[in-house]
Every structure is written in structure tokens, then in C-alpha cells.
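>>> have a look at this fold, sequence not included:
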């Protein structure tokens, strides 16, 4: 019998896995939500000590804004490259230059196929960490 497959009995008599008891969600439900396999969830727990963490170190964007560059782009309605350009030029992704307003449609993305619909930008989730309340 594997270590994670041990059952825990709750006070109401319900039996749940040790993983679900510790993290508040079953590995199967979390894997389904993330779009990955159950062993991938267990490997996150083994490698990082947390099944919600997707990479070893958080990115520059997550350190500064608490969101990934894709999440910032989605929030602002612009392309991630535009987000990076604003950060480089002005030091703040929320800054909108007065000289560009009107010239480039106020920085809004207006292509026929939205950048998020392209296969290279389709990701299972938008951040390295997420709150458990977002799943349930």
C-alpha cells in the first residue's frame, strides 16, 4: 500500500485520503482542475512541498505584481509582449502613455484571432500559486 493511499476517518465517519485531509482537495480533483495527471500533482508535492506550486521559483511578474504576465495581459486586455514593453519603458504595466492613446487603439488587442485562443498561449492555469477557494 502506498503512503498517500492511507484513509483518514473524519469525525462524521466519512473516509478520505491522507492527501485530501492535508491539502483540503483530492489529488484527482486538483489534477482535473489543472489539466495534468495525478502523478504530476504528487510530484509537485514531493519536489516543492506543495501541490499548488508549479515551479521552483516564482517569476519576476509574480514577485512584483502577484500575477503571471499572462494574467496581467488578460486583466489589461493587451498582449503579454505589450505588458513587458510597458514594464521596460515605464516601470509599471498599468501605465498608459498619452502619446500612444488613439494611435494603437489605446493598446487594446484587436486581431482576428485573439492571442489567448492561439495554441502557444493555451495554458492550464494563469498563475504559479492559486487559492483553494478558486477551485471549489
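Yes, it's here. Computed from a prediction, not measured in an experiment: that's the story for all the values here. Residues are numbered from 1 along each chain as shown.
>>> care to break the chain down by domain?
3-55, 60-121 (automatic domain parsing).
>>> how about the ones you listed in JSON lines, adding mean pLDDT and mean neighbour count?
Glycine gets a C-beta too; all of them are placed from N, C-alpha and C. JSON lines is the format used below for the domains of the chain (pLDDT from 0 to 100; neighbours: other Cβ atoms under 10 Å):
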{"stretch": "domain 3-55", "mean pLDDT": "85", "mean neighbour count": "14"}
{"stretch": "domain 60-121", "mean pLDDT": "77", "mean neighbour count": "14"}
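>>> how about the helices in this protein?
18-23, 27-34, 38-48, 60-65, 69-76, 80-90 (DSSP state H).
>>> distance to residue 117 added to those, as CSV?
Output for the helices of the chain, formatted as CSV (distance: least, Cβ to Cβ, whole Å):
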stretch, distance to residue 117
helix 18-23, 32
helix 27-34, 20
helix 38-48, 25
helix 60-65, 22
helix 69-76, 12
helix 80-90, 14
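>>> out of these, nearest to residue 7?
helix 18-23 (7.5 Å; Cβ to Cβ).
>>> who are the packing partners of the closest one?
Packing contacts for helix 18-23, counted by 3 or more Cβ pairs under 8 Å, 6 or more residues apart in numbering; DSSP states H and E, involve strand 7-9, helix 27-34.
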